[in-house]
Structure formats: C-alpha cells, structure tokens
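Engineer: Just the structure for this:
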Amino acid sequence: MNTHHLTLSTLALALGCAPATDPQEGLSSTTTAPSTDPVQSLPANEVIMGHTAQPASIDGLFPPTAGGEPSPREGVLRCASEAERWDSPYLETFLFEAEHTGNGPEIHMARLRIHDTGTDPSIEVTASTTDFTWNKERVWLWVEAEEAGGVVHSTSLQVAAVAGSEGHLFVGGGYHFCFPMNFVCWDDQLQPRFTYDAETGECTDGEGRTGLNAWPIEMIRETGNAECADLRGVAVEEGDHTYPVLRDWNLRGALLDGGSLYFAILENASLEGADFSGMTMGYVQIDGTIDGFTQLPDAPCERFFDGTVFCSL
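Structural biologist: This is a model prediction of the structure:
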C-alpha cells in the first residue's frame with residue numbers, strides 16, 4: 001500500500017503552539033463528530049460505525065468520568081491530521097505514533113507530504129515534554145519539542161471515541177502552530193464492522209446486516225483500507241493534484257457516489273463490488289481487480305480476461 005509508516009525509534013516532530021488545556025475542559029477547535037445516522041439498508045435503530053462529514057465543536061465531548069479514568073490502552077496508536085498547506089506549496093499531514101511503555105509514553109511524530117513516502121519529513125525534531133492520555137473514551141496529547149536553535153514548538157490534540165468502534169477509532173481536533181485542525185486516530189485492533197461478501201456483492205456484518213463503514217479519508221489515506229467504506233461526497237485524493245499514486249488500496253464494496261477523483265492514479269486496487277457510477281473524475285488512471293458487482297466510472301475502461309480493468313480519463 002502507498003502509506004506512511006513511522007518508525008518509533010527514529011521519527012519525532014515539533015508542532016503547534018496552542019496553550020495547554022485540560023481535556024475535560026474542552027478544546028476550542030473543529031472536529032469530525034460521531035454520527036448516529038443509520039445507513040439506508042440498516043434497521044432504523046441500527047447505528048453505523050462512523051462520523052459526519054462536517055466539522056463540529058469539540059467542546060463538552062469529555063465530561064468527567066464516573067469512578068475515575070478508564071485504564072490506559074495497550075498497543076500502538078496512530079493519528080493523522082487533515083491535509084493542509086501550512087508553510088509549504090504541497091499538501092502535508094501531521095502524523096504520530098504513540099504507545100504506553102514501562103518507561104512512560106513513547107511518542108514520535110512527523111509532518112510529511114500526503115501520498116508521498118519517498119520524501120523526508122518537512123519537520124523532524126525530538127519531543128522533550130509529553131502529556132499523553134489514551135483510553136477507550138478519548139485521546140489527549142500535549143507535546144513540546146525544541147528545534148535546533150532553541151525554538152520551542154508545541155502540538156495538542158483531543159479526540160473522542162466514535163460510536164460503534166469499541167474505542168478503537170477516534171475523531172476530534174487539535175492545534176498545529178496555533179492553527180486548529182482535525183485529527184483522526186486509530187489503533188491496531190480496529191476492524192471494519194462491515195466486510196465485502198463476494199457471493200452477494202453486499203457489505204455485511206457478523207449478523208448478516210448490510211451497511212457501510214463511515215471511515216475517515218485521513219485514515220484510509222494512511223492505511224489503504226477502504227473496504228465497504230462510505231465515501232459518498234469525498235474527494236478521494238484530498239485535493240492533491242500532483243498525480244499521487246494511490247497504490248494497493250482496498251476499495252471492495254466501497255460506495256463513492258457523489259465523490260470525486262482528479263489528477264491521480266489509483267494503482268493495483270481491489271475494486272470488487274466498488275460503486276464508481278456516481279463519481280466525478282478527470283485526468284485519472286485506474287487499474288485493479290473487479291468482479292461482476294463492480295460498477296465502473298463513466299470513463300473509457302478496458303476489461304481484461306484475468307479479471308482486471310484499466311480506466312483512463
């Protein structure tokens with residue numbers, strides 16, 4: 001997959017300059033808030049794992065927890081920010097990996113161009129001060145780091161667990177060099193609720209109900225996993241019009257109605273059951289594997305005997 005992989009022993013980053021804030025006091029920023037809207041094919045009382053596409057205030061997301069804080073989580077937590085042009089002509093993302101260790105929190109961060117694993121981080125320094133909370137309800141991170149020359153920068157983020165994710169997917173807001181931004185965090189145990197059924201062409205859960213995973217594009221960008229993803233209205237390339245190569249993405253059963261893809265290459269993708277029929281695109285190339293349920297885009301596409309397709313527009 002064309003994803004960024006941070007090495008916990010090598011990468012670190014100094015970002016942000018928001019004042020330190022207790023997570024239970026709320027953070028004035030924007031966030032992608034959890035949604036309780038059901039997918040059309042689900043019963044009325046069924047909640048899809050996901051979040052709304054529009055940002056909302058994060059204030060008040062963290063009320064006091066009865067009986068104290070939940071236990072810290074184990075494993076590796078990964079976070080990705082929305083794509084932005086800060087002080088660079090390129091779209092970049094703020095990434096970090098964090099885990100609890102016997103010696104305390106271990107957190108390494110980097111700011112890199114999105115969809116580009118071949119360039120060095122635009123900022124790379126060692127974190128010197130860290131405040132880190134990660135449990136099944138929320139993630140709170142405050143880091144100060146010193147660059148060469150003694151300049152100190154800081155970053156902070158607060159994200160809340162998405163309903164239905166069992167505390168493995170979080171969305172919220174944070175600060176980067178005093179600028180508010182959205183963040184998505186997930187851990188290694190996050191699994192899609194709905195997976196693609198090749199026999200029926202539907203996305204179903206363990207109880208046979210149909211639906212979609214409303215997973216954030218920021219996480220999909222970093223993991224390449226968009227199986228049964230609800231990508232309606234989403235700009236898949238996130239505005240990166242430098243012909244990025246989105247390699248080895250899993251789009252099995254994904255719904256892209258109303259979404260878009262421009263100036264990009266979708267390479268070696270798994271497209272079984274994917275629905276591109278309502279998608280707008282231009283200056284793109286798409287190649288991957290398909291099945292009888294795949295709905296191809298309105299573009300010149302050539303199907304091959306081995307179950308692959310190549311589209312160019």
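Engineer: going forward, measure contacts between C-alpha atoms and count neighbours the same way
Structural biologist: Noted.
Engineer: which stretches of the stretch 201-313 of the chain form helices?
Structural biologist: 217-223 (DSSP state H, counting those that start in this stretch).
Engineer: Would you mind measuring from Glu238 to Cys311?
Structural biologist: Noted for Glu238: a distance of 20 Å to Cys311, by Cα to Cα, to the nearest Å.
Engineer: What separation do you get for the most far-flung residue of the chain relative to its centre and Ile290?
Structural biologist: Within the chain, Phe305 marks the point farthest from the mean C-alpha position, 34.4 Å out by Cα atoms, centre = their mean. Between Phe305 and Ile290 the distance is 11 Å, computed by Cα to Cα.
Engineer: Tell me where the stretch 201-313 of the chain is predicted with low confidence.
Structural biologist: Along the stretch 201-313 of the chain, no part satisfies pLDDT under 70.
Engineer: Now do the strands in it.
Structural biologist: For the stretch 201-313 of the chain, applying DSSP state E, counting those that start in this stretch gives strands covering 202-204, 245-247, 260-270, 280-289, 301-303, 308-312.
Engineer: closest one to Arg193 among those strands?
Structural biologist: Smallest distance to Arg193 across these (Cα to Cα): 7.9 Å, for strand 202-204.
Engineer: which strands and helices sit next to that closest one?
Structural biologist: Counting contacts by 3 or more Cα pairs under 8 Å, 6 or more residues apart in numbering; DSSP states H and E, strand 202-204 packs against strand 195-197.
Engineer: What residues sit buried inside the strand it packs on?
Structural biologist: Of the residues in strand 195-197, 195-197 count as buried by neighbour count, 16 or more other Cα atoms under 10 Å.
Engineer: Same check on stretch 268-285?
Structural biologist: Neighbour-count burial for stretch 268-285 flags 268-281, 284-285 (criterion: 16+ other Cα under 10 Å).
Engineer: Out of those residues, which comes closest to Arg209?
Structural biologist: For the buried residues of stretch 268-285, the nearest to Arg209 is Gly273 (16.7 Å; Cα to Cα).
Engineer: For that closest one, give its distance to Glu302.
Structural biologist: 17 Å.
Engineer: give me the low-pLDDT residue ranges for the stretch 51-200 of the chain?
Structural biologist: Using pLDDT under 70, the stretch 51-200 of the chain drops low at 51-72, 122-129, 145-152, 177.
Engineer: And the strands in it, which stretches?
Structural biologist: For the stretch 51-200 of the chain, the strands defined by DSSP E, counting those that start in this stretch occupy 51-57, 77-81, 92-101, 104-113, 127-134, 138-146, 152-161, 169-176, 179-187, 195-197.
Engineer: how about the fourth one: buried residues?
Structural biologist: This means strand 104-113. Residues 106-113 are the ones in strand 104-113 that count as buried (16+ other Cα under 10 Å).
Engineer: what's the closest of the residues you listed to Arg247?
Structural biologist: Arg113 (15.6 Å).
Engineer: Grab the nearest non-local neighbour of the closest one.
Structural biologist: Excluding the flanking residues, the one nearest Arg113 by Cα to Cα, 6 or more residues apart in numbering is Glu92, at 4.1 Å.
Engineer: got it, and Phe170?
Structural biologist: Per Cα to Cα, 6+ apart, closest to Phe170 is Ala161, 4.2 Å.
Engineer: Surely Thr294 is in contact with Gly288?
Structural biologist: No. Taking contacts as Cα atoms under 8 Å, Thr294 lies outside contact range of Gly288: 11.1 Å.
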